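Participant: Fold the following and give me the result.
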Amino acid sequence: MAAWTWRFETADGTEVQPAVQPEEFTTQGDAESWIGEYWKDLKEGGTDQVRLFEDATEIYGPMSLHAEEAEAAEAGEAAEAAEEPKA
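Facilitator: From the prediction side, this is the model:
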């Protein structure tokens, strides 16, 4: 049976110890549900991004835990651009 695991990293890709210790998951859905539940705690504990592995194979990543902040910043920039007078 495959084991699904997360790798926790800083923004530059350096591996870090997670603030919340995960289990080894038996399905991708369980692993993704867990990250959905604990991503804020992980981010506050120093994790910037994660990678998902099935055994030794990387499935995807890096996935930023700061996506919500990036989306808010992009929305703010778009609003500012819309308010600027056209030349």
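
Participant: shaky segments in this protein?
Facilitator: 68-87 (pLDDT under 70).

Participant: how about the strands of it, start to end?
Facilitator: Here the chain has its strands, by DSSP state E, at 4-9, 49-54, 57-64.

Participant: Tabulate those (TSV), appending mean neighbour count and distance to Thr27.
Facilitator: Backbone N, C-alpha and C define where each C-beta goes, glycine included. Output for these, formatted as TSV (neighbours: other C-beta atoms under 10 Å; distance: least, C-beta to C-beta, whole Å):
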stretch	mean neighbour count	distance to Thr27
strand 4-9	20	7
strand 49-54	19	10
strand 57-64	13	12
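
Participant: and those strands as CSV, adding distance to Trp34?
Facilitator: Shown next, in CSV, are the strands of the chain (distance: least, C-beta to C-beta, whole Å):
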stretch, distance to Trp34
strand 4-9, 8
strand 49-54, 11
strand 57-64, 13
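
Participant: How many residues are close by Glu23?
Facilitator: 10 (other C-beta atoms under 10 Å).

Participant: what's the closest non-adjacent residue to it?
Facilitator: Computed as C-beta to C-beta, 6 or more residues apart in numbering, the closest residue to Glu23 that is not its neighbour in sequence is Trp34, at 7.6 Å.

Participant: cool, Ser64 as well?
Facilitator: Here the residue nearest Ser64, using C-beta to C-beta, 6+ apart, is Gln49, at 5.0 Å.

Participant: try Arg7
Facilitator: In space, Arg7 is closest to Arg51, 4.4 Å off (C-beta to C-beta, 6+ apart).

Participant: I appreciate the help and will end here.
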